[in-house]
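# sequence and predicted structure, then a few things I'm wondering about:
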Amino acid sequence: MLHIPSQKCMKDRSNAFLILLLFIFAIFGVLGCMILAISLGAKEITFNTVLSAIFNYNPLLTEQQIIHELRLPRVIGAAIVGAAFAVAGCLMQGVTRNPLADAGILGINAGAMFTVTLCFAFFPGIPYSLLMIFSFIGAVLSTLLIFIIGSSSPGGITPIRLTISGAVIAALLHSLSAGVAIYFDLSQDLAFWYAGGVAGIKWDHLKVLVPVILITIIWAIAMGRSVSLISLGDDIARNLGMNVILIKVLSIIIAVILAGVSVSAVGSIGFIGLVIPHISRKLVGVEYKLIIPMSALLGSILLMIADLGARTINPPRELAIGILVALVGVPFFLYIARKTGRDL
């Protein structure tokens, strides 16, 4: 007898093929945005010159110097940091089951930003590797404070309490950061970190930034199945043999590493971790083993496009990346808040 595939089997294969195509398009989208972002700017550079600067760098040629020393590091930085912010938000939404979760909204970025401000005030000239460590510590402390406040009320942590606690702590830490900056006359030095931007990223930063973020994102993808079960509910995850507390703690640690490290490089850029996971969920479904890598790719694309826009909308003056991302993120935040308000 001939074996005729069932309708469900054919549908599953069709869905798998569609998801594979989406990932291929996303990967080519990342590569295309990188080439576009490297080529365009105050001085337009041909594609052949871009390839020469990447694969056969000649430091004596001005155009290749522009690409190799200025554009290439900031484009790679935008790609890797965009992926980090997106994956951090993805994990936060998964383990807290809060559709409004994001490292910026929940105050994690503010904690990292506060320690960066303290480093500028008390340790001027601090090496980037140490700045990254202090930024991570600040993100950890703010996260602990947010969860302590959110769980202090009867009934424990709920999505709305977590969001409100994060907003309160973020406002407090931003005020303290501004106060320290004013007192120590750091406003000019910290303007870049407050507004957010990748212009300051250099090759020395990327040597530390890229391996830390890539390893952490791979760790996040490995946690995908566990996060999917947690997102269904704690009771379901326990019945399936999952250690719910351990998975939540590890996921939060991953999110804090990604957010803290990213803030130390580009400042406090919000909303990437809010917007991108929702888009990824619409594209690839509810499995976090697919949502996390798709979020990383789309986060890279979003921040590279935002950086390109910041450089080209009003030349020769650059806009802050945070402004362009917020123009997309704030309306999306209001939409999600209104759509899910009754469930929060």
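Happy to help now that I have it.

# rest of the way, CA atoms for contacts and neighbours
Noted.

# counting neighbours, what do you get for residue 127?
Counted by other C-alpha atoms under 10 Å, the residues lying close to residue 127 total 10.

# list the contacts for it?
Contact partners of residue 127, counting by C-alpha atoms under 8 Å, 6 or more residues apart in numbering, are absent.

# can you list the buried residues in the helix or strand where residue 132 lies?
Element membership of residue 132 [criterion: DSSP states H and E] is helix 128-151. Within helix 128-151, the residues that count as buried by 16 or more other C-alpha atoms under 10 Å are 129, 131-140, 142-143, 145-147, 149-151.

# then that helix to PDB, C-alphas only?
In PDB, the C-alpha atoms belonging to helix 128-151 read as follows (Å, rounded to 0.1, in the frame of the first residue of the first chain):
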ATOM      1  CA  TYR A 128      36.200  49.400  28.700                       C
ATOM      2  CA  SER A 129      36.300  45.800  30.100                       C
ATOM      3  CA  LEU A 130      36.000  47.100  33.600                       C
ATOM      4  CA  LEU A 131      33.200  49.500  32.500                       C
ATOM      5  CA  MET A 132      31.300  46.500  31.100                       C
ATOM      6  CA  ILE A 133      31.700  44.700  34.500                       C
ATOM      7  CA  PHE A 134      30.400  47.600  36.500                       C
ATOM      8  CA  SER A 135      27.500  48.100  34.000                       C
ATOM      9  CA  PHE A 136      26.600  44.400  34.500                       C
ATOM     10  CA  ILE A 137      26.700  44.800  38.300                       C
ATOM     11  CA  GLY A 138      24.400  47.800  38.100                       C
ATOM     12  CA  ALA A 139      22.000  45.900  35.900                       C
ATOM     13  CA  VAL A 140      22.000  43.000  38.400                       C
ATOM     14  CA  LEU A 141      21.300  45.300  41.400                       C
ATOM     15  CA  SER A 142      18.500  47.100  39.700                       C
ATOM     16  CA  THR A 143      16.900  43.800  38.600                       C
ATOM     17  CA  LEU A 144      17.000  42.500  42.200                       C
ATOM     18  CA  LEU A 145      15.500  45.700  43.500                       C
ATOM     19  CA  ILE A 146      12.700  45.600  41.000                       C
ATOM     20  CA  PHE A 147      11.800  42.000  41.700                       C
ATOM     21  CA  ILE A 148      12.000  42.600  45.500                       C
ATOM     22  CA  ILE A 149       9.600  45.500  45.200                       C
ATOM     23  CA  GLY A 150       7.300  43.700  42.800                       C
ATOM     24  CA  SER A 151       7.000  40.600  45.000                       C
END
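
# now do it: which elements does it pack against?
With contacts taken as 3 or more C-alpha pairs under 8 Å, 6 or more residues apart in numbering; DSSP states H and E, helix 128-151 sits against helix 108-122, helix 159-183, helix 244-266.

# for the one helix or strand residue 91 maps to, give the mean pLDDT please.
In this structure, residue 91 sits in helix 72-96 according to DSSP H and E. Helix 72-96 carries an average pLDDT of 94.

# tell me the angle it makes with helix 108-122.
Orientation of helix 72-96 against helix 108-122 (axes from the mean of the first three to the mean of the last three C-alpha atoms, to 10 degrees) gives an angle of 130 degrees.

# hmm, back to that, tell me the most buried of the helices and strands packed on helix 128-151?
Looking across the helices and strands packed on helix 128-151 with neighbours counted as mean count of other C-alpha atoms under 10 Å, the highest average goes to helix 108-122: a mean of 25.

# and that one with helix 159-183, angle?
Using the same axes, to 10 degrees: helix 108-122 against helix 159-183 is 20 degrees.

# helix 108-122: how far from the chain's middle?
Distance, stretch centre to chain centre, for helix 108-122: 18 Å (C-alpha atoms, centre = their mean, to the nearest Å).

# same deal with stretch 250-267?
8 Å.

# excluding its backbone neighbours, what's nearest the residue nearest the centre of the chain?
Residue closest to the mean C-alpha point of the chain, counted by C-alpha atoms, centre = their mean, is residue 85 at 0.8 Å. Closest residue in space to residue 85, ignoring its immediate chain neighbours: residue 273 at 5.3 Å, by C-alpha to C-alpha, 6 or more residues apart in numbering.
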